[in-house]
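Peer 1: Here is my input, please return the structure:
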Amino acid sequence: MSGFSHQEPMTVLVVEDEPKIAQILVDFLQLEGFNTLVQYDGRDVIDTIKTQSIDFVVLDLMLPYKDGLTICREIRQFSMMPILMLTARVDEIDRLMGLELGADDYVCKPFSAREVVARVKTILRRVENTRGSQSEQVIRYKHIDLDIECFKCHVDRQEVELTPVEFRLLQTLLKRPGVVHSRDSLMQVCYIDDRIVSSRTIDSHVKNLRHKLALVTKQKEVLHSIYGVGYKVE
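Peer 2: Numbering: from 1, shown residues only. Now for the predicted structure:
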């Protein structure tokens, strides 16, 4: 598959309860060189991810037995693998993308299979570029350790669960302590498509990130707001 460094084809798990839609997605993904697995309800998705070699999940929001929001939350308890949500419910988009559940991106129904495959490839490139651009596996700054390879954050040796956006945000800031990052530049790092976010969304992520860090440490705050400009770590 062109554009990726992996020698073996990557495996995408498609979780979609409409067989026709699932088959179209499988056909287009396979044409692009991906291996695929399919599940038509939410019951065994977590077991499949834990027992199979899955690189990416395309996850429908509305599923029998267990919905996509619940599955996304459960995945994030043990893995930062990329998740693309499929949804017809525009009112759920904020929850999907952001602050709580940490999906990497979403596509609204009805959609074209080509668009879904393009989003999958874009997310995978971004993940690889994020990992490849960091020469050290662990970024350490004061009382914070960020493991890039395992997507884990430890503060004062205690693990802190972060969403993908929060992780990329903290990684960007920690890599260059003292440098002020504008909201626009942070949006470009944290999201594929900045049409879905505003500067206030970045502010909300920083607020949540500060709260999570503060819950596990009494150390001095390292995330600083620069009025009218953006954020820095110091």
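
Peer 1: domain ranges for this protein?
Peer 2: Annotated domains of the chain cover 11-131, 162-233 [automatic domain parsing].

Peer 1: Now that we have those, can you turn them into TSV and tack on mean pLDDT?
Peer 2: Putting the domains of the chain into TSV (pLDDT from 0 to 100) gives the following:
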stretch	mean pLDDT
domain 11-131	86
domain 162-233	78
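
Peer 1: Tabulate those (CSV), appending distance to residue 151 and mean neighbour count.
Peer 2: In short, each C-beta sits where N, CA and C put it, glycine included. Putting the domains of the chain into CSV (distance: least, C-beta to C-beta, whole Å; neighbours: other C-beta atoms under 10 Å) gives the following:
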stretch, distance to residue 151, mean neighbour count
domain 11-131, 3, 17
domain 162-233, 6, 17
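
Peer 1: nearest to residue 145, of those?
Peer 2: The minimum distance between residue 145 and those falls on domain 162-233, with 9.7 Å, by C-beta to C-beta.

Peer 1: In the chain, mark out all the helices, start to finish.
Peer 2: With DSSP state H as the criterion, the chain has helices at 19-31, 45-51, 68-75, 93-97, 113-132, 164-175, 183-190, 199-216.

Peer 1: measure residue 30 to residue 208 for me?
Peer 2: For residue 30, the distance to residue 208 equals 38 Å [C-beta to C-beta, to the nearest Å].

Peer 1: sorry, back to before: quick one: the helices of the chain as CSV, columns for distance to residue 57 too.
Peer 2: Conversion of the helices of the chain to CSV gives the following (distance: least, C-beta to C-beta, whole Å):
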stretch, distance to residue 57
helix 19-31, 12
helix 45-51, 7
helix 68-75, 7
helix 93-97, 13
helix 113-132, 10
helix 164-175, 12
helix 183-190, 19
helix 199-216, 22
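
Peer 1: just to revisit the earlier point, what's the closest of the domains of the chain to residue 150?
Peer 2: Among the domains of the chain, domain 11-131 comes nearest to residue 150, with 8.1 Å by C-beta to C-beta.

Peer 1: quick check, distance from that closest one to the centre of its chain.
Peer 2: In terms of C-alpha atoms, centre = their mean, to the nearest Å, the gap separating the centre of domain 11-131 from the centre of its chain is 11 Å.

Peer 1: if we can go back for a sec, using CSV, please lay out the domains of the chain together with distance to residue 142.
Peer 2: Putting the domains of the chain into CSV (distance: least, C-beta to C-beta, whole Å) gives the following:
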stretch, distance to residue 142
domain 11-131, 22
domain 162-233, 6
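
Peer 1: what's the closest of these to residue 154?
Peer 2: Between these, domain 162-233 lies closest to residue 154; by C-beta to C-beta that is 9.0 Å.

Peer 1: Now do the end-to-end distance for that closest one.
Peer 2: By C-alpha to C-alpha, to the nearest Å, the extent of domain 162-233 from end to end equals 17 Å.

Peer 1: List the residues that contact the residue nearest to residue 232 when sequence neighbours are not counted.
Peer 2: Nearest residue to residue 232, sequence neighbours excluded (C-beta to C-beta, 6 or more residues apart in numbering): residue 180, at 4.6 Å. Contact partners of residue 180, counting by C-beta atoms under 8 Å, 6 or more residues apart in numbering, are 226, 229, 230, 231, 232.

Peer 1: Out of the domains of the chain, which is closest to residue 140?
Peer 2: Of all the domains of the chain, it is domain 162-233 that lies closest to residue 140, at 8.5 Å by C-beta to C-beta.
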